[in-house]
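Enquirer: Everything below, folded, please.
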Amino acid sequence: MVGKLCVIALGMFAFGYALVPIYRHICEALGINVLAVSELRVPGAPNLPANTQVDRTRTISVEFDTNTRGPWHFKPAVRSLQVHPGELTTVMYEFQNIQNRTMAAQAVPSYAPKQAAAHFNKLECFCFTQYTLQPGEKKEWPVAFVIDPRLSKDVTTITLSYTFFEVGGKVPAAPTTDAAPQAKSPEPLKPTGDV
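Expert: Here you go, the predicted model:
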């Protein structure tokens, strides 16, 4: 009886171990469980076409500008890039709180020329949320963007400018209300002599 149980246990272990390659072969044969079409490698098949949404016939110079409202460091990793419309691009920005106190801050973007704003699509941006930085804390955050290929062909340069400012600032403590304030009667006006 013990021998039969050991054989059954070994058989179950071998079957469980063999399931992974069996599953992989079945999925490849049926073409299922492929996360992206680019993962499907079929020998002899033609290469997939390139992304047709990228306009490789022109380039746009994107300049990155930063401004701060408060004593901290804020700058892009690069000052400008050449990008094709429709191409996904990521730029890192560096932040450092050089104050001796914790601060909450947020960045607000602006664009030049103004018509570029509708065609500058940010997929990921630190400007979407507020951040809290400890004294001396340094961070890097990305901006991932795509410029819409429908942007007018006469626009060859776009400036993306961020203003980084403190949110809230120092807030004075709320006054304590131990006793109701006494109402003062107004003082009478005194004549000054000038008419």
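
Enquirer: what's the domain layout of this protein?
Expert: Using automatic domain parsing, the domain parsing of the chain gives 2-39, 60-166.

Enquirer: Let me see the contact set for the nearest residue to Arg56 once chain neighbours are set aside.
Expert: Using CB to CB, 6 or more residues apart in numbering and skipping the chain neighbours, the partner closest in space to Arg56 is His84 (5.4 Å). All C-beta spots, glycine's among them, are computed from the backbone N, C-alpha and C. Residues counted as contacts of His84 (CB atoms under 8 Å, 6 or more residues apart in numbering) are 54-56, 58-60.

Enquirer: Looking at the residues you listed, which is nearest Lys122?
Expert: Distances from Lys122 to the contacts of His84, taken as CB to CB, are shortest for Ile60 (15.2 Å).

Enquirer: Which strand residues bridge that closest one?
Expert: Val83 (DSSP bridges).

Enquirer: I'd say it and Ser152 touch.
Expert: No: counting by CB atoms under 8 Å, Ile60 stays clear of Ser152, with 10.7 Å between them.

Enquirer: May I see the domains of the chain organised as a markdown table, with mean pLDDT added?
Expert: Formatted as a markdown table, the domains of the chain follow (pLDDT from 0 to 100):
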| stretch | mean pLDDT |
| --- | --- |
| domain 2-39 | 79 |
| domain 60-166 | 87 |
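
Enquirer: Just name the most buried of the ones you listed.
Expert: Highest mean neighbour count of the domains of the chain: domain 60-166, a mean of 15 (counted as mean count of other CB atoms under 10 Å).

Enquirer: Give me the distance from that one to the chain's centre.
Expert: Using CA atoms, centre = their mean, to the nearest Å, the mean C-alpha position of domain 60-166 is found 10 Å from that of the whole chain.

Enquirer: End to end on that domain, go ahead and measure it.
Expert: One end of domain 60-166 to the other measures 32 Å (CA to CA, to the nearest Å).

Enquirer: Next: stretch 141-157.
Expert: End-to-end for stretch 141-157, by CA to CA: 23 Å.

Enquirer: hmm, who's touching that stretch?
Expert: Contacts of stretch 141-157 with the rest of the structure, by CB under 8 Å, 6+ apart, involve 53-55, 58, 60-63, 83, 85-93, 95, 113, 115-116, 118-127, 131, 158, 160.

Enquirer: 6 Å - rerun?
Expert: The contact list for stretch 141-157, computed with CB atoms under 6 Å, 6 or more residues apart in numbering, reads 55, 60-61, 85-86, 88-93, 116, 119, 121-126.

Enquirer: what does stretch 104-118 give?
Expert: Contact with stretch 104-118 is made by 120, 127, 130, 132, 155, 158-159, 161-164, 166-168, as judged by CB under 6 Å, 6+ apart.

Enquirer: Equivalent analysis for stretch 119-130, please.
Expert: 104, 106-107, 109, 111, 141-148, 151, 167.
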